[in-house]
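[1] Please work out how this folds:
(one chain, ligands or ions: 1)
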Amino acid sequence: MSDDNARPAADARPDDHVIVLFGATGDLARRKLLPGLFHLARAGLLPARYRIVGSAPAQFALTDEEFRRHARQAVQEFGLSAPDGTAWHAFEAALSFGAADPEDPRPLLDAVRHAEQALGGEPRRLCHLAVPPDAFRSVIAMLGDSGLAERARVIVEKPFGTDLASARALNNAVHAVFGEDRVFRIDHFLGKESVDNILALRFANGLFEPVWNRYHISHVQIDVPETIGIEGRAQFFEQTGTYRDMIVTHLFQLLGFVAMEPPTSLAAKPLRDETAKVFEALEPIDIAQVVRGQYTGYRQEPGVDPASQTETFVALRAMVDNWRWAGVPFHLRSGKSMGQRRQVVTLHFRKPPLRMFPNSLVGPHAQRRNALVIDFDDPGWISVRFLAKEPGPAMDLGAAEMTFRYADSFRSRHGLEGYERLLLDAMLGNQSLFTRSDGIERLWEISAPLLDNPPPVQPYPQGSWGPEAIRDQIAPHHWYLPDGHQG
Ligand code: BG6
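    You can find the predicted model right below:
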């Protein structure tokens, strides 16, 4: 797709494809990718002709039959629709498996050749690398050496590197095989309908954009508490931690959408130029403004170091030093085993003088009623929180809100999860919602003070909102969640 075009049409169908799923027996493929591909197939959004080849190292090799059974179980357990009927049979028939080790990719090459022969012609290839970060480079090199990279686009999972040096090395390794126009660094938060809707909300409505700046907004919160723990992912989590797993990836990418200047169009280049400028303006992380937490019991999880300093929680203040946002703190928070699962952006507006309303809510309460809340957990909603006059002869102010809910609107057209949407975009060659090498490198660059000098982790009870220290860290503001929790 050329950058002159904006987004593909709603009914755009990708060219014929062979999709190669590296890590096909892993957790991500089971929870998201296989169910997501089946949902796309059922919705008629996969190419007219496609094959899906699962791959994994030889020690995890499956037969085609075993892979189909694996996919059926995955769809049964995690899919939006059950694996049955003609749609399932057609999908299942398109699945095959080919093991690959860097030194011996032959079974995979054979499986891809068969799949391509079945389709005829020269279908495109989409290689999805759902593999641990330390395997990215060897798989990329194997794609180059074996010729699989020809006609291929590549989807690379997060986290992309672990610091600036490793991200640069990974970008170099990727670019040795693929031009940037064929690289799709995936961040599934950007595929969420409500996140994309931030662009519509801001740039399609004269109501919001004029107040979207430091003159009207006092602070912004991007809050992603999770109730789940590490779900048996000790090995991954011990190496990664919440900063690398959630903040430098999902939350900063969201910040890019919330803070960007209006792009000239929604095509990939102008859109990603604008997020890159936001990241350029981000100040290096000030470690005095970071709280790292660890839930009690984490060190007893199987596979976790009993003296682990890995954080399962981060709260921090980020500053965007540009004309729109100078002086407006962005408070970011995410953690495991917390009190609630939420995915919320809140823009708090400056408080007007309230002298003429002596009976108004005062102090922070008034400010909390003066906010725009965007809940981007699927299906998502947006709410304006404001003060209104209570009925009666006196001029008393009460809390009021206006809420738009995706679940009650546009029902038939809202149906793709983040991963599904992004897999489809990658097949269509649309890079708008994928991250770019310069943006990623800049985020690692501003992270260096924290990565080099992480403050010690502070314990927090499971089911809580994080360590006590987060209250001081956010003062004079407060942690806010839309349904009443205040911290
Ligand atoms: C993933 C992280 O990228 O995102 C997980 O690795 C996290 O740790 C998950 O739980 C949250 O995403 P979702 O799909 O629940 O919005």
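[2] Can you list the neighbours in contact with the strand or helix carrying Val75?
    Taking DSSP states H and E as the criterion, Val75 maps to helix 64-78. The contact list for helix 64-78, computed with Cβ atoms under 8 Å, 6 or more residues apart in numbering, reads 24-25, 29-32, 34-35, 38, 54, 62, 81-83, 88, 91-92, 95-97. Using the backbone N, CA and C atoms, a C-beta is placed for each residue, glycine as well.
[3] If any of those residues are buried, give me the ChimeraX selection for them.
    The following ChimeraX command selects only the buried members of the contacts of helix 64-78, with burial defined by 16 or more other Cβ atoms under 10 Å:
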select :24,25,29,30,31,32,34,35,38,54,62,83,88,91,92,95,96,97
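[4] before we move on, back to that, in the helix holding Val75, what counts as buried?
    Asp64, Phe67, Arg68, His70, Ala71, Arg72, Ala74, Val75.
[5] Then stretch 398-418?
    Neighbour counts over stretch 398-418 (16+ other Cβ under 10 Å) mark Tyr406, Leu416, Glu417, Gly418 as buried.
[6] contacting residues around that stretch?
    Against stretch 398-418 from outside (Cβ under 8 Å, 6+ apart): 10, 32, 36, 39-40, 43, 45, 80, 188-194, 361, 369, 378-390, 424.
[7] switch to 7 Å and redo it
    36, 43, 188-189, 191-194, 369, 378-388, 390 (Cβ atoms under 7 Å, 6 or more residues apart in numbering).
[8] Report the secondary structure state of Gln235.
    helix (DSSP: H, G, I helix; E, B strand; the rest coil).
[9] Could you check how far it is from Val304?
    In this structure, Gln235 and Val304 are 9 Å apart, going by Cβ to Cβ, to the nearest Å.
[10] so which strand or helix has Ala90?
    Remark: Ala90 resides in helix 85-93, with elements defined by DSSP H and E.
[11] List of residues touching that helix?
    By Cβ under 7 Å, 6+ apart, the list of residues contacting helix 85-93 reads Phe38, Ala41, Arg42, Arg68.
[12] Out of the residues you listed, flag the one nearest to Phe208.
    Using Cβ to Cβ, Arg42 comes nearest to Phe208 of these, at 35.7 Å.
[13] Which residue, neighbours along the chain excluded, lies closest to the closest one?
    The shortest distance from Arg42 to any non-neighbouring residue, by Cβ to Cβ, 6 or more residues apart in numbering, is to Ala87 (4.6 Å).
[14] ok, that neighbour - how many residues close by?
    The local packing of Ala87 (other Cβ atoms under 10 Å) involves 17 other residues.
[15] Check what pLDDT it gets.
    Here the pLDDT value assigned to Ala87 is 95.
[16] Okay, it and Asp64: tell me how far apart.
    As judged by Cβ to Cβ, Ala87 and Asp64 stand 19 Å apart.
[17] Just the pLDDT at Thr310, thanks.
    At Thr310, the model reports a pLDDT of 98.
[18] Now it: closest residue in space that isn't a chain neighbour?
    Counting by Cβ to Cβ, 6+ apart, Thr310 lies nearest to Gly241, which is 4.5 Å off, once chain neighbours are set aside.
[19] For the strand or helix carrying the one you found, list the C-alpha coordinates in CSV.
    Element membership for Gly241 (DSSP H and E) is helix 234-242. Output of helix 234-242 as CSV, limited to C-alpha atoms (Å, rounded to 0.1, in the frame of the first residue of the first chain):
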residue,chain,number,x,y,z
ALA,A,234,8.1,-16.9,35.1
GLN,A,235,10.9,-17.3,32.6
PHE,A,236,9.7,-14.5,30.3
PHE,A,237,8.7,-12.3,33.2
GLU,A,238,11.9,-12.6,35.2
GLN,A,239,13.8,-11.4,32.1
THR,A,240,11.3,-8.7,31.1
GLY,A,241,9.4,-7.1,34.1
THR,A,242,6.5,-4.7,33.8
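[20] Tell me where the model's unsure across the stretch 351-487 of the chain.
    Applying pLDDT under 70 to the stretch 351-487 of the chain flags the ranges 359-368, 411-414, 484-487.
[21] I should have written the stretch 1-150 of the chain there, sorry.
    1-6.
[22] quick one, phi psi at the closest residue in space to Arg185 that isn't next to it in sequence?
    In space, and not counting its chain neighbours, Arg185 is closest to Thr435: 4.4 Å by Cβ to Cβ, 6+ apart. Phi and psi for Thr435, reported as degrees, to the nearest 10, are phi -80, psi 160.
[23] same deal with Leu201?
    According to degrees, to the nearest 10, Leu201 has phi -60, psi -50.
[24] show me where the stretch 351-487 of the chain has helices.
    For the stretch 351-487 of the chain, the helices defined by DSSP state H, counting those that start in this stretch cover 364-368, 418-428, 437-452, 469-474.
[25] what's the closest of those helices to Asp15?
    Across those, closest to Asp15 is helix 418-428 (Cβ to Cβ), at 7.7 Å.
[26] how far does the closest one sit from the chain's center?
    Distance, stretch centre to chain centre, for helix 418-428: 13 Å (Cα atoms, centre = their mean, to the nearest Å).
[27] Now do the SS call for Asn171.
    Put simply, Asn171 is helix when judged by three-state DSSP.
[28] what's around it, how many residues?
    As a burial measure, Asn171 scores 21 neighbours (other Cβ under 10 Å).
[29] Surely it touches Ser437?
    Yes: assessed by Cβ atoms under 7 Å, Asn171 is found in contact with Ser437 at 4.6 Å.
[30] For Asp223, give its distance to Ala469.
    16 Å.
[31] More neighbours: which of those two?
    Just comparing Asp223 and Ala469: by other Cβ under 10 Å the higher neighbour count belongs to Asp223, 24 against 15.
[32] Confirm that the more buried one sits in a strand.
    Yes: under three-state DSSP, Asp223 falls within a strand.
[33] That one contacts Gln340, doesn't it?
    No: judged on Cβ under 7 Å, Asp223 makes no contact with Gln340 at a distance of 10.0 Å.
[34] just to confirm, which helix or strand has Cys36 in it?
    Heads up, residue 36 is Gly, not Cys. Secondary structure assigned from DSSP H and E places Gly36 in helix 34-42.
[35] neighbouring contacts of that helix?
    With Cβ under 7 Å, 6+ apart as the test, helix 34-42 has contacts from 46, 52, 71, 74-75, 78-81, 83, 87, 91, 417, 419-420, 423-424.
[36] That helix vs helix 85-93, what angle?
    Relative orientation of helix 34-42 versus helix 85-93 (axes from the mean of the first three to the mean of the last three Cα atoms, to 10 degrees): 120 degrees.
[37] So which residues of the stretch 1-150 of the chain form helices?
    All helices of the stretch 1-150 of the chain, identified by DSSP H, counting those that start in this stretch, fall at 27-28, 34-42, 64-78, 85-93, 106-119, 136-146.
[38] So which of the ones you listed is nearest Tyr460?
    Minimum separation from Tyr460 across those (Cβ to Cβ) falls at helix 27-28, 25.6 Å.
[39] could I get the helices of the stretch 351-487 of the chain as JSON lines with distance to Pro210?
    Converted to JSON lines, those look like this (distance: least, Cβ to Cβ, whole Å):
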{"stretch": "helix 364-368", "distance to Pro210": "20"}
{"stretch": "helix 418-428", "distance to Pro210": "30"}
{"stretch": "helix 437-452", "distance to Pro210": "27"}
{"stretch": "helix 469-474", "distance to Pro210": "27"}
